[in-house]
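> I would like to see how this sequence folds:
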Amino acid sequence: MISLDQLVFNAAKLDPNKIVKEPITENGQLKVNDGNDIDGIIDKLTAFSGSGTLNVMDWGVKAITVLFILGVLLMIMSIIFKNGQWQKWGQSTMLWSFLAMLALRAIPLIILSVRSGMDVNEAFTALISSLTQIAIFLGVIGVLLSLLFKFAYKLIEHPEYHRWSKNVLNVSIIMMFFAMIGPFVFGIL
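The predicted structure follows:
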């Protein structure tokens, strides 16, 4: 069975005109690309994709998969032999291989989706608003958790619950405050 990557690679080898289209000006002449604009970079990346990028991507995915499986084996061996150092290595190997896989999948999509400076501006704006919303959501959860600790303190009067309640409430309120005010303050500066 032929994979989608192989199908795209074989189609690109058959007709290179489908990969890179020459930019034409309004008067019918070819536009000279000096390599400084984003379109030139995208054209070069697209032209390079037909000459082995899919193989490199496939090798990268396989190498990262091997690292992840080695991390799983290290975790199993650490449980069998009760070795904390192996567990630490296994966890870090699994975490970094997962993050590398995400980066390997996401970076080409981001590079090929950026066409102008406005796209970069929109991406950063979306990232800032997403992080702000996540911080506010976590702040609300922290306030609710603080109320739960306060209820536990009222129930059994254990001093640790009272301390945790105050700390979580203070941190949650400060986090929500900075999440709402921070983007505006940095936008002014």
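> Could you report the pLDDT at residue 83?
In this model, residue 83 is scored at 91, pLDDT.
> I'd like the distance between it and residue 95.
Here residue 83 is placed at a distance of 18 Å from residue 95 (C-beta to C-beta, to the nearest Å). Where C-beta positions appear, they are placed from N, C-alpha and C, glycine not excepted.
> show me where pLDDT drops low in this protein?
Where the chain drops to pLDDT under 70, the residues are 1-26, 28-54, 189.
> so where do the strands sit in it?
Shown for the chain, no strands are assigned by DSSP state E.
> Report the contact partners of residue 77.
83, 86, 90 (C-beta atoms under 8 Å, 6 or more residues apart in numbering).
> Then residue 60?
Contacts of residue 60 (C-beta under 8 Å, 6+ apart): residue 104.
> Residue 102 versus that one, what's the distance?
On the measure of C-beta to C-beta, residue 60 and residue 102 end up 12 Å apart.
> Kindly list the longest helix within this structure.
Identified as the longest helix of the chain according to DSSP state H is helix 117-156.
> in that one, what's buried?
Residues 132, 135-136, 138-139, 142, 145-146, 149-150, 152-153 are the ones in helix 117-156 that count as buried (16 or more other C-beta atoms under 10 Å).
> to the chain's geometric centre, what's the distance from it?
19 Å (C-alpha atoms, centre = their mean, to the nearest Å).
> Can you spell out which helices and strands pack onto that helix?
helix 159-188 (3 or more C-beta pairs under 8 Å, 6 or more residues apart in numbering; DSSP states H and E).
> could you check the angle helix 117-156 makes with the helix it packs on?
Comparing the axes of helix 159-188 and helix 117-156 via axes from the mean of the first three to the mean of the last three C-alpha atoms, to 10 degrees yields an angle of 160 degrees.
> where does stretch 164-183 sit relative to the chain's centre, distance-wise?
On C-alpha atoms, centre = their mean, the centre of stretch 164-183 falls 25 Å from the chain's centre.
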